[in-house]
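Visitor: sequence? don't have it. structure:
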């Protein structure tokens, strides 16, 4: 079966590449298949690359290569003095994409904004659970259902968000992938035809590229959106060649089968840099990798057990083996490049003898546990299987038996969110908006339990601090609160913080206009290929 799948993938890619003589084609060797094409119901970066950053647009956007907010579908906005009302003026004449499966009859208006965001905060919406097993994990985890009182249509080109409380990162939140604006007209047609699941299979938006076709686990095809409100892209055709193996991605890049690849193996970086036909961009990642304990399930409901596991594992050995010098051991749940990072927090020292004592203190003997290893490469964790093996060996030294388990990526993300999940899961995060809230509340807040909070950790002291920080625009006050929250996090140890990594993006030298993004997304608007 593997040989047949590989042949199909090669055949599909070859047919796409054959068009390059007639159009300008960029091939991106993607690391994995998307979970779907609706950015509202997923959190995986590969899914966002394939959906929100290609097909869709948002009210506000992050500038290329940074975290500064700029106008998107909204040409301007105002905020009330009390910080509870945001009024957006939409651009006039923004077109939705015309595809083989739907032809829009009207331009973007306020109804589309109300539908796209409203469906994520209303349990009564017919779109609340239109995908089996799916949920609006981001909106829920960030507390949007409690935050947003109403979304009101002032007129066709004006929409107002009324909040129940001030929310300092609200604009940045709307620039995130789950803030993508979908067509209500398309949604209404799918609902009437009883084909709602098609929204997640055949996306249609206002973004730079129009979805053409997807061959699962092989190829995704897009074409430039002729009516894109910022102007047609220089690339005529964009292709995602799905290539899970990092070594194979590197080979394809060197042979010219693809133009850009993400997440090279650490061992391949030196060779890629030496290739005169390639450029390798690099920057410090706004990321963290961690091992999330399920704090709802014994014995990981005891802080002594969590601390013991932390102290039994040599994180430096993991960084050395997996990243070969291109990462740093992590202490806090936010990266040191982010404002409010608490430099005074001390890490759990590597101390197997003390780890044994902590287990004895907790009354735990003969512990057996599972460690979940991600099946895909990510900038914050290039090889989770190798990291898990090193943890397994270290834990064996203190009498803890480890079974390493994994699942395909979509299942991994789904199952690791379960409140009754066994063991501890290797995961990670790249910041979505440059705000500490996106780590501390999104990943560790009480609202995110059962979703992005895969430690299932709800600590009132911690939660009160991060919630209070969101409600003030005073950066000094927010910094103070976030610093206190990091102290509590380290004391309670819902995670083993593993690393913060460097991020490398190799590409052929004829690629121009590509910006390496601190938020970890891969954007192809503005990218060109030199003749």
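Guide: Cool, the structure landed. Predicted model, so just to flag it, every value in this text is computed and none were measured. Numbers count the residues shown, from 1 in each chain.
Visitor: quick one: low-confidence ranges for this protein?
Guide: By pLDDT under 70, the low-scoring segments of the chain are 1-22.
Visitor: quick one, longest helix in it?
Guide: Secondary structure assigned by DSSP state H gives helix 475-492 as the longest helix of the chain.
Visitor: And the next helix or strand past that one?
Guide: strand 495-508 (DSSP states H and E).
Visitor: which helices and strands sit right next to the longest helix of the chain?
Guide: When contacts are defined as 3 or more Cβ pairs under 8 Å, 6 or more residues apart in numbering; DSSP states H and E, helix 475-492 sits against helix 303-312, helix 437-444, helix 460-470. Where you see a C-beta, it was placed from the backbone N, CA and C, and this is true even at glycine.
Visitor: Nearest to residue 399 among those would be which one?
Guide: helix 303-312 (9.6 Å; Cβ to Cβ).
Visitor: from the chain's centre, how far out does the closest one sit?
Guide: Centroid separation for helix 303-312 versus its chain: 28 Å, with Cα atoms, centre = their mean, to the nearest Å.
Visitor: Mind listing residues that contact it?
Guide: 291, 293, 295, 299-300, 348-352, 354-356, 358-359, 361-362, 364, 367, 394-395, 397-398, 400, 424, 491-494, 496 (Cβ atoms under 8 Å, 6 or more residues apart in numbering).
Visitor: ok and that helix relative to strand 495-508, angle-wise?
Guide: 40 degrees (axes from the mean of the first three to the mean of the last three Cα atoms, to 10 degrees).
Visitor: Between helix 475-492 and helix 303-312, find me the angle.
Guide: Going by the same axes, to 10 degrees, helix 303-312 makes 90 degrees with helix 475-492.
Visitor: elements contacting the next helix or strand after helix 303-312?
Guide: Note on helix 303-312: by DSSP H and E, the next helix or strand toward the C-terminus is helix 315-323. Contact here means 3+ Cβ pairs under 8 Å, 6+ apart; on that basis helix 315-323 packs against strand 327-329, helix 384-396, strand 495-508.
Visitor: show me the contacts for residue 443.
Guide: Neighbour list for residue 443: 333, 429, 452, 453, 454 [criterion: Cβ under 8 Å, 6+ apart].
Visitor: Please list only the buried members of the contacts of helix 303-312.
Guide: 291, 293, 295, 299-300, 348, 350, 352, 354-356, 358-359, 362, 364, 367, 394-395, 398, 400, 424, 492-494, 496 (16 or more other Cβ atoms under 10 Å).
Visitor: Which among the helices and strands packed on helix 315-323 is found nearest to residue 483?
Guide: strand 495-508 (15.9 Å).
Visitor: Need the phi and psi values for residue 291.
Guide: Residue 291 has phi and psi values of phi -110, psi 110 when expressed as degrees, to the nearest 10.
Visitor: Please apply the same query to residue 71.
Guide: Dihedral pair for residue 71: phi -60, psi 140, per degrees, to the nearest 10.
Visitor: now swap in the one 5 residues further on and tell me
Guide: With angles defined as degrees, to the nearest 10, residue 76 shows backbone torsions of phi -160, psi 170.
Visitor: Not counting sequence-adjacent ones, nearest residue to it?
Guide: residue 89 (4.8 Å; Cβ to Cβ, 6 or more residues apart in numbering).
Visitor: Residues in a beta bridge with the one you found, which ones?
Guide: Under the criterion DSSP bridges, residue 89 forms beta bridges with residue 76, residue 158.
Visitor: Can you tell me how far it is from residue 109?
Guide: Distance, residue 89 to residue 109, by Cβ to Cβ, to the nearest Å: 12 Å.
Visitor: what residues do these two have in common as contacts?
Guide: With Cβ under 8 Å, 6+ apart, residue 89 and residue 109 have common neighbours residue 157.
Visitor: For the two, work out which one has more neighbours and name it.
Guide: Comparing residue 89 with residue 109 by other Cβ atoms under 10 Å, the one with more neighbours is residue 109, at 19 against 16.
Visitor: For the nearest residue to that one once chain neighbours are set aside, which residues are in contact?
Guide: Distance criterion Cβ to Cβ, 6+ apart; nearest residue to residue 109, sequence neighbours excluded, is residue 156 at 4.5 Å. Residue 156 makes contact with 90, 109, 110, according to Cβ under 8 Å, 6+ apart.
Visitor: before we move on, the earlier item: how far off helix 460-470 does the longest helix of the chain point, in degrees?
Guide: Using the same axes, to 10 degrees: helix 475-492 against helix 460-470 is 160 degrees.
Visitor: what comes up buried for helix 475-492?
Guide: Buried, per 16+ other Cβ under 10 Å, within helix 475-492: 478, 479, 481, 482, 483, 484, 485, 486, 487, 489, 490, 492.
Visitor: nearest residue to the fifth one other than its sequence neighbours?
Guide: Counting by Cβ to Cβ, 6+ apart, residue 342 is the residue found nearest to residue 483 once chain neighbours are left out, at 4.3 Å.
Visitor: what's the neighbour count on the closest residue to residue 68 other than its chain neighbours?
Guide: Closest residue to residue 68 apart from its sequence neighbours, by Cβ to Cβ, 6+ apart: residue 62 at 6.9 Å. Look at residue 62: counted by other Cβ under 10 Å, it has 23 neighbours.
Visitor: that older thread, inside strands: which ones of the contacts of helix 303-312?
Guide: 291, 293, 424, 496 (DSSP state E).
Visitor: Tabulate these in TSV, adding columns for distance to residue 517.
Guide: Formatted as TSV, the ones in strands among the contacts of helix 303-312 follow (distance: Cβ to Cβ, whole Å):
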residue	distance to residue 517
291	26
293	30
424	30
496	27
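Visitor: if I pick residue 264, what's in contact with it?
Guide: Here residue 264 is in contact with 246, 249, 250, 272, 504, 506 (criterion: Cβ under 8 Å, 6+ apart).
Visitor: separation between the closest residue to the first one other than its chain neighbours and residue 375?
Guide: What that stands for is residue 246. Leaving aside its sequence neighbours, residue 246 sits nearest to residue 265 (Cβ to Cβ, 6+ apart; 4.6 Å). Separation of residue 265 from residue 375 (Cβ to Cβ) stands at 15 Å.
Visitor: more crowded one of these two?
Guide: residue 265 (20 against 16).
Visitor: Please tell me how far the more buried one sits from residue 504.
Guide: In terms of Cβ to Cβ, residue 265 sits 10 Å off from residue 504.
Visitor: for residue 487, same thing?
Guide: 33 Å.
Visitor: do the same with residue 350
Guide: Distance check for residue 350 against residue 504: by Cβ to Cβ, it reads 27 Å.
Visitor: any idea how far residue 267 lies from residue 322?
Guide: Distance from residue 267 to residue 322, by Cβ to Cβ: 10 Å.
Visitor: Enumerate the strands of the stretch 151-300 of the chain by residue range, in sequence order.
Guide: Secondary structure of the stretch 151-300 of the chain (DSSP state E, counting those that start in this stretch): strands at 158-163, 209-215, 219-224, 237-241, 278-284, 287-293.
Visitor: orientation of the third one relative to strand 237-241 in degrees?
Guide: It refers to strand 219-224. 160 degrees.
Visitor: One more: the first one?
Guide: Angle, strand 158-163 to strand 237-241, by the same axes, to 10 degrees: 30 degrees.
Visitor: Contacts made by strand 158-163 with the rest, please.
Guide: Contacts for strand 158-163 (Cβ under 8 Å, 6+ apart): 83-90, 110, 113-114, 117, 147-154, 170.
Visitor: at 10 Å what do you get?
Guide: Here strand 158-163 makes contact (Cβ atoms under 10 Å, 6 or more residues apart in numbering) with 59, 74, 77-80, 82-90, 109-114, 117, 144, 146-154, 167, 170, 174.
Visitor: of the residues you listed, buried ones?
Guide: 59, 74, 77, 83-90, 109-114, 117, 144, 147-148, 151, 167, 170, 174.
Visitor: correct me, but the residue nearest to residue 68 touches residue 525?
Guide: No - between residue 62 and residue 525 there is no contact under Cβ atoms under 10 Å: 11.9 Å.
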